[in-house]
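S.K.: Below is the sequence, then the predicted model.
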Amino acid sequence: MPAVTVENPLTLPRVAVPAGAQARPVLGVSTAPSGFEGEGFPVRRAFAGIDYRHLDPFIMMDQMGEVEYGVGEAKGTPWHPHRGFETVTYIIDGTFIHQDSNGGGGTITNGDTQWMTAGSGLLHIEAPPEQLVMSGGVFHGIQLWVNLPAKDKMKDPGYQDIRGGQVKLLTTPDGGALLRVIAGELDGHEGPGITHTPISLVHATVRPGAEATLPWREDFNGLAYVLAGRGTVGTDRRPVHTGQAAVFGEGGSLTVRADASQDSHTPDLEVLLLGGQPIREPMVQYGPFVMNTRRELQQAFEDFQAGRLGTVPAVHGM
């Protein structure tokens with residue numbers, strides 16, 4: 001169950017689709033393969049197999065969990081470098097601790113988002129808190145990588161800590177969906193995330209049998225990823241379920257609908273809606289480095305090996 005919720009969505013501002021907005025068709029649906037990240041926590045590779053021309057400016061996204069850890073099972077990642085993009089870590093349930101070689105970081109929990117602009121580069125670590133390791137518990141979130149245009153790739157690193165209570169909460173005309181706007185704009189309502197690359201990031205909870213048709217910027221791409229539950233996407237009601245991503249074509253609105261019947265442990269359709277203004281620049285990636293040319297990629301490796309992306313603190317508390 002997402003931590004950020006409201007008892008009665010009808011008390012929230014309602015999102016309306018402009019008359020005459022063209023519905024976005026569904027170009028395809030893909031199923032995320034499962035794997036492990038860092039020290040061994042389970043992930044789904046949400047965008048695996050999707051052509052990059054449909055993803056730009058997004059690079060990749062991992063769904064972390066949902067997992068119920070036993071005592072001593074919670075895991076994180078070791079120290080690792082980043083350069084040339086932004087990481088967006090959204091914790092739906094549970095707690096994660098971040099720290100970097102510049103002294104930045106913090107704790108994010110239950111609906112919080114940490115937006116890290118890696119820019120010119122840093123070293124980074126993510127770990128569960130000691131309490132989660134000692135007692136076990138639920139952990140569920142996503143990490144999204146957002147590309148930076150060439151002019152911003154070597155910006156100084158920075159953070160935004162977005163607390164769950166700061167996200168903009170909206171609903172559909174009938175109150176059938178709760179919309180959490182983390183970044184970007186939806187029907188004139190702005191989320192708290194400040195983006196170098198214009199994007200929208202919305203977590204929608206759609207009640208069984210309800211439908212959400214949302215206005216969507218025509219200069220953005222459109223993606224939907226099912227975090228939990230079953231439903232359909234598009235006006236032709238293409239079936240989707242947990243771990244599947246839908247790619248939308250051009251238009252001014254997109255539609256998701258929850259099946260009337262859901263599993264007992266998943267009462268609603270939980271879907272992440274993403275869109276962004278494509279950068280349309282060359283991109284080369286190797287692991288945690290995302291640059292525009294192979295020479296820049298080689299330079300990133302050289303800088304990392306020479307310690308110019310930072311050093312691991314002697315005492316880091318992780």
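M.R.: That came in fine, so what should we check first?

S.K.: residues of the host helix or strand of residue 61 that come out buried?
M.R.: Per DSSP states H and E: residue 61 is located in strand 58-69. Residues of strand 58-69 classed as buried: 58-67, 69 (neighbour count, 16 or more other CB atoms under 10 Å). In short, each C-beta sits where N, CA and C put it, glycine included.

S.K.: Pipe the residues you listed into CSV and attach distance to residue 108 and pLDDT per row.
M.R.: Shown next, in CSV, are the buried residues of strand 58-69 (distance: CB to CB, whole Å; pLDDT from 0 to 100):
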residue, distance to residue 108, pLDDT
58, 20, 98
59, 21, 97
60, 19, 96
61, 17, 97
62, 15, 95
63, 16, 95
64, 12, 90
65, 14, 82
66, 16, 85
67, 17, 81
69, 17, 79
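
S.K.: Of these, which is the nearest to residue 117?
M.R.: residue 59 (13.9 Å; CB to CB).

S.K.: Am I right that the closest one is in contact with residue 290?
M.R.: Yes. Between residue 59 and residue 290 there is a contact at 6.0 Å, judged by CB atoms under 8 Å.

S.K.: what about the nearest residue to residue 199 once chain neighbours are set aside, distance to residue 196?
M.R.: Beyond its immediate neighbours in the sequence, the residue positioned closest to residue 199 (CB to CB, 6 or more residues apart in numbering) is residue 276, lying 3.7 Å away. Distance from residue 276 to residue 196, counting by CB to CB, to the nearest Å: 11 Å.

S.K.: And for residue 254?
M.R.: In terms of CB to CB, residue 254 sits 24 Å off from residue 196.

S.K.: Please apply the same query to residue 282.
M.R.: Taken as CB to CB, the span from residue 282 to residue 196 is 18 Å.

S.K.: These two: which is more packed in?
M.R.: residue 196 (19 against 10; other CB atoms under 10 Å).

S.K.: what about the spatially closest residue to residue 173 that is not a sequence neighbour, neighbour count?
M.R.: Nearest in space to residue 173, with sequence neighbours left out and distances taken as CB to CB, 6+ apart, is residue 14 at 5.2 Å. Counted with other CB under 10 Å, residues neighbouring residue 14 total 14.

S.K.: Regarding the chain, what is its longest helix?
M.R.: helix 294-305 (DSSP state H).

S.K.: list the helices and strands it packs on?
M.R.: strand 284-286, strand 289-291 (3 or more CB pairs under 8 Å, 6 or more residues apart in numbering; DSSP states H and E).

S.K.: thought the residue nearest to residue 173 was touching residue 169?
M.R.: No. Residue 14 is not in contact with residue 169 according to CB under 8 Å; the separation is 11.2 Å.

S.K.: could you list every residue that touches residue 229?
M.R.: 206, 241-242, 258-259, 262-263, 266, 268-271 (CB atoms under 8 Å, 6 or more residues apart in numbering).

S.K.: ah, wrong one, I meant residue 21
M.R.: Per CB under 8 Å, 6+ apart, neighbours of residue 21: 215, 251-253.

S.K.: Quick one: end-to-end distance for stretch 141-159.
M.R.: Its start and end residues considered, stretch 141-159 measures 18 Å (CA to CA, to the nearest Å).

S.K.: So for that stretch, what gets flagged as buried?
M.R.: 141-148, 150, 152-153, 157-158.

S.K.: Repeat that for stretch 71-85.
M.R.: Quick answer for stretch 71-85 (16+ other CB under 10 Å): 73-77, 79, 81-85.

S.K.: Nothing else from me, thank you.
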